[in-house]
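*Asks:* dropping a prediction and its sequence here:
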Amino acid sequence: MQLQNSITFFYKNYIKDLPGNTAPEYPKWFKPFVDKYLKEKENNMLKSILPKALDQDTFQIDEKSSIKHSSSVIDIFDNLNALYFSIVKLECPLHELNDSYHRQFCETIDCVLKEYTKRLAQRFESGQGDIAKFCVVLCNIHQMRDELQSLYGTMGAERLDIDARKILEETQKYLKVERNTLITEMIESIKISIERSIRDIKEGLRSVKNYAKRDEYSDIANPVMEYFDGVFGILIKGTYEAVRKPLVRRIWKQTLKLLENIIILPSDEVLAAGEDLQELDSKQSQVLEKMLEGLMDYFVKSTGDIIKIKSLQNMPEMKELRSVLAQYRKTTDTLIKEFVKQAGHQNYLATSDSQGELHVQVDIYNNTIQDHWDVTVKVVSASRLHFNTTKMFTPFVEVNLIGPGTSGVKRKFQTSKKNKTYSPLFNESFHLKIMKPNDPIDYELQFCVKDFCFLQTDKLVGVVVMPLAQIQETGSIQDRLNLSRSLTLDRADKNILIILAQRLHDEVAQEFVKLKRLEKTDII
């Protein structure tokens, strides 16, 4: 390397400007030696400099200092910069060789930074739950990305060889993914503590009677805010704003998710854990909505005003929670009406995984004299029913009228039972009424083919839904409907079911939820 530098000096000062001079050949003589030198430097960084930098790093940050990353990042980039300037010092006049050295150097950067990140993560695996340690690691990765961007600019940025650029771009992407992975790990490490404080909120909601003042609404959120006081204090002292911003957004998202799963839309896991199903009423939903407003304001102010309240308000998770809380204030009839209108996809699985066919005829008549709608349902037959059983198969059909205003009226009908047949013939009719001002467009018929079980719960063979909206214009329809194992429900459908399931003393709501959650279980 020293000999090449001397020859380069001689060439620049005594030969370069001579008439008829051509590109020199001497840099090619030294390429094997330069390649070897760069490889040795890379190995030295991996085996000696990098471990030493980590061992000497205390990972202790002065809270009063503006520098939030630790010394090992500085050591690594001091060595990388020194290696780069040894390449620059060669002043190689051949572009293809210069590009080759830059590519090799970029590969060294990629290798060293990935190894450093890997060892850094391993070193702090035992620090799960230690927020201060996570802050140091995140700030180190952030500083690496900044230093890498600076080095990229020093190397010529867009003027760099395209392959060298791609290597550095991939390194940046890798560091970003690792940063996001560490953020996820940190969120996971504090999840149990957030959960615990949200369960305290749940308990506080049980005693809600008449909250009129803003500070009383805020009292409900105290368990969460008391926990986050400590967390945010560490984040403000131990992170850069660029690190803190995505971290706070992720914490907010996790908080909303836990509020949803534990209180607002209890998940199956929560219910399976044996927790009491708490019936949220209209007043409690208002309290929760006010509490969310207060929490947003708290998040913004307690994290150094690095995020705008609008950015939290506009998060999809926040919009959905507000929408769900608004639904808690709707009547059962209104929610069922909304469900019927939006759930035109319930029979989605019937075609691809048919459990048999049901032949029905439905007629709708506008009875203006008695001011109601007459609905006549004729169950003609079923065919090719799929059902495994070692006992006698006894199919029958259950017909359910679903829609608003069905409380106190007959809404469930049942055919006779047929023994030992997978293609039973029924030819039975049922007469239903829809009282005005209700409209058939807001109703549906749910047909459930079941196997009768003496002294046991009848087993589902298949289910299918027929919206009355599709026959209101013609007034009559005769169709063969494919039966499915269960109804297909989207997130909005399931949200309505969770809300109605909490109305423990509402017979219509409980029956509706049970019908929509029917699912066939294979029995041999």
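*Replies:* Perfect, thanks for sending it. Residues are numbered from 1 along each chain as shown.
*Asks:* so what's the residue count around Leu288?
*Replies:* Leu288 has 25 neighbouring residues, counting by other C-beta atoms under 10 Å. For every residue, glycine as well, the C-beta is placed using N, CA and C.
*Asks:* residues contacting it?
*Replies:* 205, 220, 259, 263-264, 280, 325 (C-beta atoms under 8 Å, 6 or more residues apart in numbering).
*Asks:* return the closest of the residues you listed with respect to Leu312.
*Replies:* Checking the contacts of Leu288 against Leu312 by C-beta to C-beta gives Leu259 as the nearest, at 13.3 Å.
*Asks:* I'd like to know which helix or strand in the protein has the lowest mean pLDDT.
*Replies:* In the chain, the helix or strand scored least confidently by mean pLDDT, DSSP states H and E is helix 268-272, which has a mean of 57.
*Asks:* what comes up buried for whichever strand or helix holds Val375?
*Replies:* Secondary structure assignment for Val375, by DSSP states H and E: strand 372-383. Using 16 or more other C-beta atoms under 10 Å as the test for burial, strand 372-383 gives 372-373, 375, 377-382.
*Asks:* swap in stretch 163-176?
*Replies:* The neighbour-count check on stretch 163-176 (16+ other C-beta under 10 Å) flags 164-165, 167-168, 171-172, 175 as buried.
*Asks:* circling back: least confident pick among the contacts of Leu288?
*Replies:* When these are compared by pLDDT, Leu280 scores lowest at 80.
*Asks:* part of a helix, is that residue?
*Replies:* No: with DSSP: H, G, I helix; E, B strand; the rest coil as the criterion, Leu280 is assigned coil and is not in a helix.
*Asks:* grab the nearest non-local neighbour of it.
*Replies:* Nearest non-adjacent residue to Leu280, counting by C-beta to C-beta, 6 or more residues apart in numbering: Tyr328, 5.5 Å away.
*Asks:* run through the residues that contact that neighbour.
*Replies:* Shown in contact with Tyr328 (C-beta under 8 Å, 6+ apart): 280-282, 284-285, 499.
*Asks:* report the buried members of the residues you listed.
*Replies:* Here, 16+ other C-beta under 10 Å leaves 280, 284-285, 499 buried among the contacts of Tyr328.
*Asks:* in JSON lines, list these along with secondary structure.
*Replies:* What follows is the buried ones among the contacts of Tyr328, written out as JSON lines (three-state DSSP):
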{"residue": "Leu280", "secondary structure": "coil"}
{"residue": "Gln284", "secondary structure": "helix"}
{"residue": "Ser285", "secondary structure": "helix"}
{"residue": "Ile499", "secondary structure": "helix"}
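*Asks:* quick check: the farthest pair among these?
*Replies:* The span of those, defined through C-beta to C-beta, is set by Gln284 and Ile499 at 12.2 Å.
*Asks:* read off the pLDDT value for the closest residue to Leu483 other than its chain neighbours.
*Replies:* Nearest-residue entry for Leu483: Gly462, 2.6 Å, with adjacent residues in sequence omitted and distances by C-beta to C-beta, 6+ apart. Note for Gly462: predicted pLDDT of 95.
*Asks:* which SS class is Gly462?
*Replies:* Classified using three-state DSSP, Gly462 is strand.
*Asks:* so who does it touch?
*Replies:* By C-beta under 8 Å, 6+ apart, the contact set of Gly462 is 354-356, 358, 385-386, 448-449, 483-485, 520.
*Asks:* of the residues you listed, buried ones?
*Replies:* Buried subset of the contacts of Gly462 (neighbour count, 16+ other C-beta under 10 Å): 354-356, 358, 385, 448-449, 483-485, 520.
*Asks:* what ranges does the stretch 351-500 of the chain have for its helices?
*Replies:* Along the stretch 351-500 of the chain, counting by DSSP state H, counting those that start in this stretch, helices occupy 491-501.
*Asks:* quick one: the strands in it?
*Replies:* Secondary structure of the stretch 351-500 of the chain (DSSP state E, counting those that start in this stretch): strands at 357-367, 372-383, 395-402, 412-414, 425-435, 444-451, 459-467, 476-482.
*Asks:* check which helices and strands the third one is in contact with.
*Replies:* Read that as strand 395-402. Counting contacts by 3 or more C-beta pairs under 8 Å, 6 or more residues apart in numbering; DSSP states H and E, strand 395-402 packs against strand 372-383, strand 412-414, strand 425-435, strand 444-451, helix 507-516.
*Asks:* quick one: closest of those to Leu401.
*Replies:* strand 425-435 (5.1 Å).
*Asks:* for the closest one, packing partners?
*Replies:* Using 3+ C-beta pairs under 8 Å, 6+ apart: strand 425-435 touches strand 372-383, strand 395-402.
*Asks:* quick one: contacts of the last one?
*Replies:* The one in question is strand 395-402. Contact with strand 395-402 is made by 336, 340, 358, 375, 377, 379, 382, 385, 387, 411-418, 421-422, 424, 426, 430, 432, 434, 443-452, 461, 512, 515, as judged by C-beta under 8 Å, 6+ apart.
*Asks:* mind listing the strands that strand pairs with, and their directions?
*Replies:* Looking at strand 395-402 with DSSP bridges, its partner strands are strand 412-414 (antiparallel), strand 444-451 (antiparallel).
*Asks:* now those strands in a markdown table, with distance to Ser86 and mean pLDDT?
*Replies:* Shown next, in a markdown table, are the strands paired with strand 395-402 (distance: least, C-beta to C-beta, whole Å; pLDDT from 0 to 100):
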| stretch | distance to Ser86 | mean pLDDT |
| --- | --- | --- |
| strand 412-414 | 85 | 96 |
| strand 444-451 | 77 | 96 |
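*Asks:* just the ones you listed: most buried one?
*Replies:* Highest mean neighbour count of those: strand 444-451, a mean of 22 (counted as mean count of other C-beta atoms under 10 Å).
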